[in-house]
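Engineer: build me a model:
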Amino acid sequence: MIGDIDKEIMLIAQEECAEVTQAISKVFRFGFDSVHKGQDNRTRLEEEIGDLMCMIDLMIDNGIVSEAAVMTAKNEKMVKLQQWSNIV
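Structural biologist: So this is what the prediction gives:
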């Protein structure tokens, strides 16, 4: 059974993932320097990524996910990117 606090953490993390997705979409559509409601898209993206990182930390801190497992997955992704992309 998932406790109420864990549910809330995961729900907010899910919302933050969507907000990062939206911020990236705005960068693709309008560029980093485009301003909407007094804020440029780069700043908005940075804020949304920070919000998501906070939620990831809370998932680790509350034992929802293992930091070691997350770091292993992160490192494995880097290896895949080195093999299959030109970004690393």
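
Engineer: dump the residue contacts of the residue nearest the centre of the chain.
Structural biologist: Compute the mean C-alpha point of the chain, and by C-alpha atoms, centre = their mean the closest residue is Leu52, 4.4 Å away. By C-beta atoms under 8 Å, 6 or more residues apart in numbering, the residues touching Leu52 are Ala13, Glu16, Cys17, Glu19, Val20. C-beta here means a position set from N, CA and C on the backbone, and glycine is covered the same way.

Engineer: please repeat the previous calculation with a cut-off of 10 Å.
Structural biologist: Ile12, Ala13, Glu15, Glu16, Cys17, Ala18, Glu19, Val20 (C-beta atoms under 10 Å, 6 or more residues apart in numbering).

Engineer: same question, Met55
Structural biologist: Per C-beta under 10 Å, 6+ apart, neighbours of Met55: Ile9, Met10, Leu11, Ile12, Ala13, Gln14, Glu15, Glu16, Cys17, Ile64.

Engineer: farthest pair within the residues you listed?
Structural biologist: Maximum pairwise distance in those, criterion C-beta to C-beta, is 15.5 Å, between Glu15 and Ile64.

Engineer: which one of these two is surrounded by more residues?
Structural biologist: Ile64 (18 against 13; other C-beta atoms under 10 Å).

Engineer: look up the closest residue to that one, ignoring the ones flanking it.
Structural biologist: Asp6 (5.5 Å; C-beta to C-beta, 6 or more residues apart in numbering).

Engineer: how deep is that neighbour tucked in, by neighbour count?
Structural biologist: Applying other C-beta under 10 Å, I find that Asp6 has 15 neighbouring residues.

Engineer: so what's Leu45 closest to, chain neighbours aside?
Structural biologist: Excluding its sequence neighbours, the residue lying closest to Leu45 (C-beta to C-beta, 6+ apart) is Ala23, at 4.2 Å.

Engineer: what residues sit buried inside the helix or strand hosting that neighbour?
Structural biologist: Per DSSP states H and E, Ala23 falls inside helix 4-30. For helix 4-30, a neighbour-count test (16 or more other C-beta atoms under 10 Å) marks Ile9, Met10, Ile12, Ala13, Glu16, Glu19, Val20, Ala23, Lys26, Val27 as buried.
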